[in-house]
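> One predicted model, sequence on top.
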Amino acid sequence: MAILEVHHIEKHFGATRVLEDISFDLEQGQALAIIGSSGSGKTTLLRCLNFLEKPDQGTISVAGNLIFDAADPATQRESEVRKKRLHFGLVFQSFNLFPQYTALKNVTLARELLAQEQPDFKENKKKILEDIQADGRELLAKMGLSERADHYPSQLSGGQQQRVAIARALALHPDILCFDEPTSALDPELTGEVLRVIRELAEQRTTMIIVTHEMAFARDVADQVIFMDGGVIVEQGDARQVIEHPREERTRQFLSRYSEG
Amino acid sequence: MIEFFTSSTFQTVLSALNSGFLKTLQLFFITLIGALPLGLVISFGSMSRIPPLRWLTRLVVWVIRGTPLVLQIIALFYVPGMKEWFTWPSGENGRMLAVCVAFIINYACYFSEIYRGGIQGVPKGQQEAGQVLGMTKAQIFRHITLLQMIKRIVPPISNEIITLVKDTSLARVIALQEVIWMGESFMKGNSGISGLVWPLFFTAVYYLAFSGIVTVLLGKLEKKLDFFQ
Amino acid sequence: MKNMKKLWALLLALAMTFSLAACGGTSDEETTTDDQTAEDTSGEDTAAESDLAYVQDKGTLVVGITYFAPMDYKEEGSDEWIGFDADLAKLFAESLGVSVEFQEITWDYKVEELDSRAIDCVWNGMTLTEDVVAAMGTSNPYCTNYQTLVYSADRAAEFEGLTSLEGLNIAVESGSAGEDAAEALGAATVPVQAQANALMEVAAGTSDAAVIDVLMAAEMTGEGTSYADLVYSLNLNEAQDLPSEEYGVGFRQGSDLVDAFNTFLAEKVADGTVLKVATTYGLQDAVILE
């Protein structure tokens, strides 16, 4: 069964239609790459999944449960949206780390706040916080950042910051991890370390949606690919198939423009 | 010289100035304690998503910032009694209360604009990062925005606080006996001493010492927030 | 961080307390006003209700003063207000069965102080000028006064027996009877904030002389005072063929405290108390005993 089902999503900004009839499924353990030129609507789609934008039409289901229906306001209540967000993790293009916290605290903060809502938090406070800390350190170790746990974001390179951001998103164990152009804000020599981490996550069968401009990376890492243009899905299918042998003319043009430069 | 400092006149003047300066300090601290949080509430009002609330708040801020504090003190102290709305408690305490209310409202409006700049200056991505991590609005404000905002506002707030040290002297318009009033009192007569000008100028020593201390403390706070960017 | 949270909470709580305190004051007062509106319709806006009852109800008579020896002042080292006015104010409050409270005010706002009920009367060697009588409910006069010229003892020869002040820089209290007198006698006036400041002008040599109340001049100049080098002479009211000025007590317009005071004054003049107090402060020649 698909972990994520998106049906007929539509989104307008004023009179401009930025998404039109977007539908796709994503299987558990698969990586989906979304490609397309700037302004094609791919970032907006990602923001819709994370409830940072509210679609005007359509439904979103996770693991068979309807979590958003544009026609049903009951699915859009602020208190519930908060919980539903936790199905998704999001890694931003510009990292958005919290500057006043160390790398470790960036990773653990949200979980600590959530833990306070547990009924047994008061009694087991010390143990719960210690567990969260240990998990956080482990995640940073996985990102190759054990030595940097107590550094502030301003003391880290861009690549290191983005890896902390990935650890932060993973800390809440989301069903689906989303990346919004994770390497676009990085100097070229720093993209490798971030892509390597995402590749490892894919190998561990993490369910992911990656908005990216790195075509070779999308081809090698993603199982599925969606090509968007002008707010619609032009072509979707097996990643290697679409990128190496696109069926649609618009996809071909985009990819050739891309390989030229 | 030493005889002057040990003379009974000097002692009398000094104790009068001390009692005046105690009032100055009281006014200063009560204003800060009231205006710092009230300013935050007002800044939320001026950023509200409900247009009438936003307009009303901004109108009030405009009026308060656009008129002299001394006028607000006079109006707040005399008008309610003249219109028979209510009477301030009699004596120095009533005057102190009225002046404190005027100062708190006035300074809260100044602070609110600084807070607004501080809050709006925190990048939107910070809030979004909190949202996608499942934090509530209150958690985002307390754990993410607040400290970044404080770092941004410490320098402009420091300026206002130094101004407040000196603005307290406006309270004497409704005969609150703060340090300048006490300094002047020896010109007209106080405790059998009259015609002395130096006590008035001597009050400068109090202001300089106090604003010096405040400057150092605020500088330390600014330094303390240097650990992040 | 932890402490900061607590601090914010504390600050918020305090701000709340303040706003509540202000609101509480409002409702209290409204009830008292309601009680009283029905009765008196004698026409005056302010204090249409019994001001006497209001003062007796709250139990204190708040007397608005400025530091003015020998009327309202403090002896060196003492914190008690004394003086001819202060002593009589204590007796008046006693006769009303209330306690007395002296409140220093800014002289420019004496009418507003009364009207806003911050004080109940102005009792401070106040000359009954036209402006004062128009703005307050004023008592019968209790003391006479005239304007006099104060100058440096070194220059006494220049001033004695003078009938015109032309060509002289004269310091006066802005808006005072002294200002009128100095102008009428052809002086170039230097208006300052208070009579005491006018004396400072003379002491500092920035003005040639000052015109102030004779009662104040008597108290504050000459041997044993802060202005030992200053002297005064000349009755400037006489020099202009003007009557003497009179001091009175100011209440709210239409207040029944005026009658209460006049009755009190007549009694205390009759039983010799007024003369006795006046003599204590050297005012036996100025006090009105009719």
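Thanks, I have the structure now.
> all strands for the stretch 51-200 of chain A, in order.
Using DSSP state E, counting those that start in this stretch, the strands of the stretch 51-200 of chain A run over A:57-62, A:65-69, A:88-91, A:176-180.
> any residues touching the shortest one, and which ones?
Taking C-beta atoms under 8 Å, 6 or more residues apart in numbering or on different chains as the criterion, the residues outside strand A:88-91 that touch it are A:46, A:49-50, A:52, A:162, A:165-166, A:169-170, A:172, A:174-180, A:182, B:132. Yep, even glycine has a C-beta here, placed from its N, CA and C like the rest.
> Also stretch C:193-203?
Under the contact criterion C-beta under 8 Å, 6+ apart, stretch C:193-203 has outside partners B:187-189, B:194-195, B:197, C:66, C:107, C:150-152, C:171-174, C:176, C:178, C:190, C:192, C:207-213, C:216, C:220-221, C:227, C:229-230.
> Please list the members of the residues you listed that lie in helices.
Using DSSP state H, the members of the contacts of stretch C:193-203 that fall in helices are B:M187, B:K188, C:G178, C:M216, C:M220.
> okay if I get those as CSV plus pLDDT and distance to chain A?
What follows is the ones in helices among the contacts of stretch C:193-203, written out as CSV (pLDDT from 0 to 100; distance: C-beta to the nearest C-beta, whole Å):
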residue, pLDDT, distance to chain A
B:M187, 80, 53
B:K188, 74, 54
C:G178, 87, 66
C:M216, 85, 64
C:M220, 82, 63
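> what's the closest of the residues you listed to C:V55?
The shortest approach to C:V55 among the ones in helices among the contacts of stretch C:193-203 belongs to B:K188, at 28.0 Å (C-beta to C-beta).
> need the contact list for that closest one.
Contacts of B:K188 were listed using C-beta under 8 Å, 6+ apart, and they are B:S194, C:T66, C:Y67, C:F68, C:A194, C:A196, C:N197.
> In strands, which of these fall?
Among the contacts of B:K188, the subset assigned to strands under DSSP state E is empty.
> If you rank those by neighbours, which is first?
Within these, most neighbours by other C-beta atoms under 10 Å in any protein chain shown means C:A196, with 27 neighbours.
> Which residues of the stretch 51-200 of chain A lie near chain B?
By the rule C-beta under 8 Å from any C-beta of the partner chain, the part of the stretch 51-200 of chain A lying against chain B is A:51-52, A:82-83, A:85-86, A:88-90, A:92, A:94, A:96-100, A:109-110, A:113-114, A:152-154, A:168-169, A:172.
> Check the stretch 101-250 of chain C too.
C:101, C:103-106, C:109, C:112-113, C:115-119, C:194, C:196-197, C:199-200, C:203, C:220, C:225-227.
> confidence score at B:L56?
Listed pLDDT for B:L56 reads 95.
> so it is in which element?
helix B:51-66 (DSSP states H and E).
> Give the buried residues for that helix.
Within helix B:51-66, the residues that qualify as buried by neighbour count (16 or more other C-beta atoms under 10 Å in any protein chain shown) are B:T57, B:R58, B:V60, B:V61, B:I64.
> Can you list the neighbours in contact with the very next helix or strand once past it?
Following helix B:51-66 in sequence order, the next helix or strand is helix B:69-82 (DSSP H and E). Helix B:69-82 has contacts (C-beta under 8 Å, 6+ apart) with B:64, B:85-88, B:95, B:98-99, B:101-103, B:105-106, B:167, B:170-171, B:173-174, C:109, C:112-113, C:115-118.
> what do you get if the cut-off is 6 Å, keeping everything else the same?
B:86-87, B:98-99, B:102, B:106, B:170, B:173-174, C:112, C:115-117 (C-beta atoms under 6 Å, 6 or more residues apart in numbering or on different chains).
> Equivalent analysis for stretch C:247-263, please.
Counting by C-beta under 6 Å, 6+ apart, C:44, C:46-47, C:50-52, C:114, C:121-123, C:125-126, C:128, C:136-141, C:143, C:145 sit against stretch C:247-263.
> out of these, which are inside helices?
Residues from the contacts of stretch C:247-263 lying in helices, with DSSP H as the criterion: C:D51, C:L52, C:L114.
> separation between the first one and A:L104?
To A:L104, C:D51 is 72 Å away according to C-beta to C-beta, to the nearest Å.
> go on, the second one?
Applying C-beta to C-beta, the value for C:L52 to A:L104 is 75 Å.
> how about the longest helix along chain B, does it reach chain C?
The residue-count maximum for a helix in chain B (DSSP H) belongs to helix B:8-46. Yes: against chain C, helix B:8-46 shows contacts by C-beta under 6 Å from any C-beta of the partner chain at B:I33, B:G34, B:L36, B:P37, B:L38.
> Beta-bridge partners for the residue nearest the centre of chain A, please?
By C-alpha atoms, centre = their mean, the mean C-alpha position of chain A lies nearest to A:C178, the distance being 0.9 Å. Beta-bridge pairing for A:C178 (DSSP bridges): A:L90, A:I209.
> Might one say that it is in contact with A:L46?
Yes: between A:C178 and A:L46 there is a contact at 5.3 Å, judged by C-beta atoms under 6 Å.
> ok, the nearest residue to A:L201 once chain neighbours are set aside - how many residues close by?
Using C-beta to C-beta, 6 or more residues apart in numbering or on different chains and skipping the chain neighbours, the partner closest in space to A:L201 is A:M208 (6.5 Å). When neighbours are defined as other C-beta under 10 Å, A:M208 has 24 of them.
> what's the answer for C:E238, then?
C:E238 has 12 neighbouring residues, counting by other C-beta under 10 Å.
> Secondary structure element for it, which one?
Assigned by DSSP H and E, C:E238 belongs to helix C:236-239.
> Report the buried residues of that helix.
Per 16+ other C-beta under 10 Å, helix C:236-239 contains these buried residues: C:L236, C:N237, C:A239.
> what are the ranges of the helices in the stretch 1-150 of chain C?
Using DSSP state H, counting those that start in this stretch, the helices of the stretch 1-150 of chain C run over C:2-37, C:51-58, C:84-96, C:110-115, C:130-135.
> I should have written chain A there, sorry.
Remark: helices assigned in chain A by DSSP H are A:42-49, A:78-85, A:103-115, A:125-142, A:158-170, A:188-203, A:215-221, A:239-244, A:249-260.
> B:Q139: which of those helices is closest?
Shortest distance between B:Q139 and the helices of chain A, using C-beta to C-beta, is found for helix A:103-115: 5.4 Å.
> and that closest one, what other elements does it pack with?
Judged by 3 or more C-beta pairs under 6 Å, 6 or more residues apart in numbering or on different chains; DSSP states H and E, helix A:103-115 is in contact with helix A:125-142, helix A:158-170.
> Need the residues that contact that helix.
Taking C-beta under 6 Å, 6+ apart as the rule, helix A:103-115 contacts A:97-98, A:121, A:128, A:132, A:136, A:139, A:148-149, A:151, A:164, A:167-168, A:171-172, B:133, B:139.
> check contacts around the nearest residue to C:E104 once chain neighbours are set aside.
Once flanking residues are discounted, C:E104 sits nearest to B:A175: 5.3 Å by C-beta to C-beta, 6+ apart. By C-beta under 6 Å, 6+ apart, the contact set of B:A175 is C:E104, C:I105, C:T106.
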